[in-house]
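K.L.:
Can you look at this prediction? I've put the sequence above it.
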Amino acid sequence: MKIVIFGANNRGCLIATSLFEDHDIIIVDKPENISSDFYKLDIEVLEGNASDIKFLKENHLDECDVFIACNDSDEVNIVACIMMKAVSSARTVCFISNEEYYESVWSIKNGKFDREILPDYIIRPEELLTGEIFRIITVPSATQVEIFAKGKARLLEYPIKDSSPIVNKKVKECSFPEETLIVGITRDGHLSIPSGDTELKVGDKVIFMGSVKSLDLLAAEVFREDTKVGFVAIVGGGNVGLLLAERLEQADIKCKIFEKDYKRCEQISQILKKTLVINGDGTDIQLLLNEQAEDADVLVCVTDNDEKNLLCSLLAKQAGVKKVVSRVSKGLNVDLFEKVGIDVAISQNEAAMHDIYDHFIVPDISILATVESGQGEVVEIQLPETFEQRKVMDLRLPHKAVIAIIERRKHVIIPKGDTLIMPEDHLIIFTMQENSAPIQKYLKSC
């Protein structure tokens, strides 16, 4: 597949790095924006402006299959996608951060206007990031939360601490609630699918899937979730900070925002009805202490600067905040943040990358969630009418995977080995990223 990426920024680098081994990648931007990182990849680098029709034609970019506009300018991204639609049949992806632009483009696409010139798919990374942070906040002990089957099933990732009752036990020796499956373990940054003989160690991050009721029991019995989040402090009043505060208000969770820019404080205070907006620098430890930020159940750092987020997060941990969640712009920094003690580090660019992968790279597979920077995936596959029914234990998948959830009409089943799999079932499967396509191919041929 020939893919053109317009934008040599952090997200453009992440997309190119993720796709160049399997696809023909061309990165386009002004020469001053193109770092040496791009020349280390086996891709074509073009200096220029992909919103210029003449440039697109001269360089044969109109022959691409997918065009991704992820420039730092919303306006440039929108124009570039329109120009590409005008000269080619390529599918276009447009990154938009500004809420007004985002809503306007969507309203036109859903209206009676000429929609053929508009981007095929619009991504607002801040909205994806806000959703992930909100889910993590509402399940306090978890470092990742995903929801499936219309809210009837979940994925939860928990860190194993030295006080945990399952430390140094083999998986088969642990007594987990009914309808709970352990599907993955991350150790020293590497994700794997465990067997019954896998031993759980301090520092492991263990991924569970199951029904909502069973995972609630797991939280109460194993991970001791006996308190709900009542107070969240947010450092950074940008788009993500504002979106998150609005969701917290809807959930009746007390919230404070620390924002350095006074004009921005005025703007967001007009929008937020219950949130206290404080004009000040979140890296000022005295300010955090004066405003009782250390009493927060969760402190979230969502400025657009990784260094500031890291410093603020470390100060918050030192001040005694129970849980710190930090935004990370550069994907490579995720591991660094977690190694120095930050509870959860999230990259909005990675969330956007996986959205692209789902919709444009492997559209026949529905990727419901990714874990550990894309090492693992939760995919949904519908079995064909011709599928020969059999028990889970008799299904010989070509790669290691866990069938975690079966959706059969209105019923959600957490399967065991002797559970029957039937034609047209929707299977929600946990597997390694590189195995998604082969598993889907195998199941469709059964």
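P.N.:
Structure's in. What do you need?
K.L.:
what stretches of this protein score poorly on pLDDT?
P.N.:
Where the chain drops to pLDDT under 70, the residues are 109-115, 225-227, 358, 361-365.
K.L.:
from what I can see residue 357 touches residue 15, true?
P.N.:
No. The pair residue 357 / residue 15 is not scored as a contact, 9.1 Å apart, by Cβ atoms under 8 Å. (C-beta placed from N, C-alpha, C; glycine too.)
K.L.:
For beta bridges, what are the partners of the residue nearest to residue 31 when sequence neighbours are not counted?
P.N.:
Distances taken as Cβ to Cβ, 6 or more residues apart in numbering place residue 47 nearest to residue 31, at 4.4 Å, with adjacent residues excluded. Assessed by DSSP bridges, residue 47 has beta-bridge partners residue 29.
K.L.:
who are the neighbours in contact with residue 47?
P.N.:
Contacts for residue 47 were tallied using Cβ atoms under 8 Å, 6 or more residues apart in numbering; they are 28, 29, 30, 31, 34.
K.L.:
ok, now how distant is the last one from residue 276?
P.N.:
Spelled out, that is residue 34. Look at residue 34 and residue 276: by Cβ to Cβ, to the nearest Å, they are 43 Å apart.
K.L.:
Let me have the contacts of residue 47 in JSON lines, extended by distance to residue 331 and neighbour count.
P.N.:
Output for the contacts of residue 47, formatted as JSON lines (distance: Cβ to Cβ, whole Å; neighbours: other Cβ atoms under 10 Å):
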{"residue": "28", "distance to residue 331": "21", "neighbour count": "28"}
{"residue": "29", "distance to residue 331": "18", "neighbour count": "24"}
{"residue": "30", "distance to residue 331": "23", "neighbour count": "11"}
{"residue": "31", "distance to residue 331": "24", "neighbour count": "10"}
{"residue": "34", "distance to residue 331": "18", "neighbour count": "19"}
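K.L.:
I'd like to know how many residues surround residue 320.
P.N.:
Residues lying near residue 320 (other Cβ atoms under 10 Å) number 11.
K.L.:
which residue ranges form the helices in the stretch 101-250 of the chain?
P.N.:
Per DSSP state H, counting those that start in this stretch, the stretch 101-250 of the chain carries helices over the ranges 125-138, 212-221, 239-250.
K.L.:
how about the ones you listed, which one is nearest residue 24?
P.N.:
Minimum separation from residue 24 across these (Cβ to Cβ) falls at helix 125-138, 24.8 Å.
K.L.:
Turn the contacts of residue 47 into JSON lines, including distance to residue 128.
P.N.:
JSON lines is the format used below for these (distance: Cβ to Cβ, whole Å):
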{"residue": "28", "distance to residue 128": "24"}
{"residue": "29", "distance to residue 128": "23"}
{"residue": "30", "distance to residue 128": "27"}
{"residue": "31", "distance to residue 128": "30"}
{"residue": "34", "distance to residue 128": "26"}
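K.L.:
Which member of the residues you listed is positioned nearest residue 80?
P.N.:
Distances from residue 80 to the contacts of residue 47, taken as Cβ to Cβ, are shortest for residue 28 (9.0 Å).
K.L.:
Report whether the expected contact of the closest one with residue 46 is present.
P.N.:
Yes. Between residue 28 and residue 46 there is a contact at 4.8 Å, judged by Cβ under 8 Å.
K.L.:
Find the residues that touch each one of these two.
P.N.:
Common contacts of residue 28 and residue 46 (Cβ under 8 Å, 6+ apart): residue 61.
K.L.:
related to what we said a few turns ago, looking at the contacts of residue 47, spot the one nearest residue 325.
P.N.:
Relative to residue 325, the closest of the contacts of residue 47 is residue 29; by Cβ to Cβ it sits at 31.1 Å.
K.L.:
which ones are touching that closest one?
P.N.:
If you count contacts by Cβ under 8 Å, 6+ apart, then residue 29 has 6, 7, 8, 12, 47, 48, 71 around it.
K.L.:
Tell me the bridge partners for the first one.
P.N.:
Counting by DSSP bridges, residue 6 is bridged to residue 28, residue 69.
K.L.:
any idea how far residue 407 is from it?
P.N.:
38 Å.
K.L.:
Looking at the two, which has the bigger crowd around it?
P.N.:
Counted by other Cβ under 10 Å, residue 6 and residue 407 do not tie: residue 6 has more neighbours, with 30 against 19.
K.L.:
The more buried one and residue 72 touch, don't they?
P.N.:
No. Counting by Cβ under 8 Å, residue 6 does not reach residue 72; the two are 10.9 Å apart.
K.L.:
wait, what's in contact with the most centrally placed residue in the chain?
P.N.:
The geometric centre of the chain, computed from its C-alpha atoms, lies nearest to residue 351 (Cα atoms, centre = their mean), at 3.4 Å. By Cβ under 8 Å, 6+ apart, the contact list for residue 351 reads 125, 128, 129, 132.
K.L.:
Now the second one. Nearest residue, chain neighbours left out?
P.N.:
Among residues not flanking residue 128 along the chain, residue 351 sits closest, at 4.1 Å (Cβ to Cβ, 6+ apart).
K.L.:
Wasn't that neighbour part of a helix?
P.N.:
Yes. Membership of residue 351 in a helix is supported by DSSP: H, G, I helix; E, B strand; the rest coil.
K.L.:
Please enumerate residues in contact with stretch 163-174?
P.N.:
If you take Cβ under 8 Å, 6+ apart as the criterion, stretch 163-174 is touched by 160-161, 182, 194-202, 222-223.
K.L.:
Take those and keep only those in strands.
P.N.:
Members of those lying in strands (criterion: DSSP state E): residue 182.
K.L.:
just the buried members of the contacts of stretch 163-174?
P.N.:
Burial by neighbour count, 16 or more other Cβ atoms under 10 Å: within those this picks out 160, 182, 194, 198, 200, 222, 223.
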